[in-house]
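Chemist: Below is the sequence, then the predicted model.
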Amino acid sequence: MGERIHDYFVSLGLSQEEASELHLRYYTQYGLALRGLRRHHDIDAQDPLDFDRKCDGSIPLEDMIKFDPKTRKLFEDIDRSKVRVWGLTNAYRPHAQRVLRILRLDDLIDGLVYCDYEVNDFSCKPEADFYQLAMAKAKLSDPSKCYFIDDNRGNIDGARAQNWSKCVHFCEEGLEAMEGGRTKQIGNERAPGAQGPDGVDIVTTLDGLRSVWPEIFKH
């Protein structure tokens with residue numbers, strides 16, 4: 001994904017160095033490179049889904065992620081009389097749906113909150129509007145009832161800023177990931193400017209949620 005986004009920056013007439021610098025800056029500042037492109041480069045004036053086709057839509061997901069029976073069992077074991085399960089993503093809807101179909105989780109998700117690339121000033125994690133949109137779609141008014149897990153620590157801080165009290169950081173520490181066009185080792189870094197005490201639970205596997213959130217699982 002990171003390489004495709006970098007190539008998209010270059011296709012706008014930027015040099016390799018400029019593309020790398022802006023990719024990182026926009027990812028850090030806005031949580032999503034496309035947000036910076038929309039704000040500062042007037043892209044997608046004629047075709048708002050051009051980025052989706054050339055980046056998200058072009059990724060061979062079937063070669064990258066596979067169905068995991070253990071993950072499906074985890075979702076099946078969630079007590080649906082207590083909670084509903086929503087997917088919150090900084091991608092556009094088709095990409096999220098592809099991922100869920102490949103993982104065979106699409107029938108276990110109650111709804112999706114995604115970045116609507118067809119809306120010029122869409123919101124994304126970690127912006128406050130995104131979490132408020134999620135609550136509105138789920139018809140929730142009490143943020144203390146929101147459970148949230150994310151692999152980006154900045155998104156965790158964004159949720160906590162909205163008083164989502166049951167937040168977990170999914171941290172596969174030691175693995176490499178590309179963020180903002182730069183390869184880095186996954187760690188537990190806080191978002192720039194994050195305030196207050198930490199107190200966020202960390203899991204290194206999704207199955208760790210059984211220990212962190214035992215109250216939402218069937219017994």
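Modeler: Noted; the coordinates are in hand.
Chemist: isn't there a strand covering Phe148?
Modeler: Yes - under the criterion used here (DSSP: H, G, I helix; E, B strand; the rest coil), Phe148 sits inside a strand.
Chemist: Ends of stretch 210-219, what's the gap?
Modeler: Distance between the two ends of stretch 210-219: 11 Å, counting by C-alpha to C-alpha, to the nearest Å.
Chemist: Hmm, I typed the wrong one, I wanted stretch 103-112.
Modeler: End residues of stretch 103-112 are separated by 15 Å (C-alpha to C-alpha).
Chemist: Averaged pLDDT, it. What do you get?
Modeler: Within the predicted structure, the mean pLDDT of stretch 103-112 is 98.
Chemist: can you check stretch 73-81 too?
Modeler: 98.
Chemist: quick one: buried residues of it?
Modeler: Leu74, Phe75, Ile78 (16 or more other C-beta atoms under 10 Å). Just so you know, the C-beta spots here come from the backbone N, C-alpha and C atoms, and that holds for glycine as well.
Chemist: Nearest residue to Arg25 in space, please, no chain neighbours.
Modeler: Taking C-beta to C-beta, 6 or more residues apart in numbering as the measure, Arg25 lies nearest to Gly36, with 6.9 Å between them; neighbours along the chain are not counted.
Chemist: For Arg25, pull up the helix or strand it's in.
Modeler: Assigned by DSSP states H and E, Arg25 belongs to helix 16-30.
Chemist: buried ones in that helix?
Modeler: The neighbour-count criterion (16+ other C-beta under 10 Å) identifies Ala19, Ser20, Glu21, Leu22, His23, Tyr26, Tyr27, Thr28, Tyr30 as the buried residues of helix 16-30.
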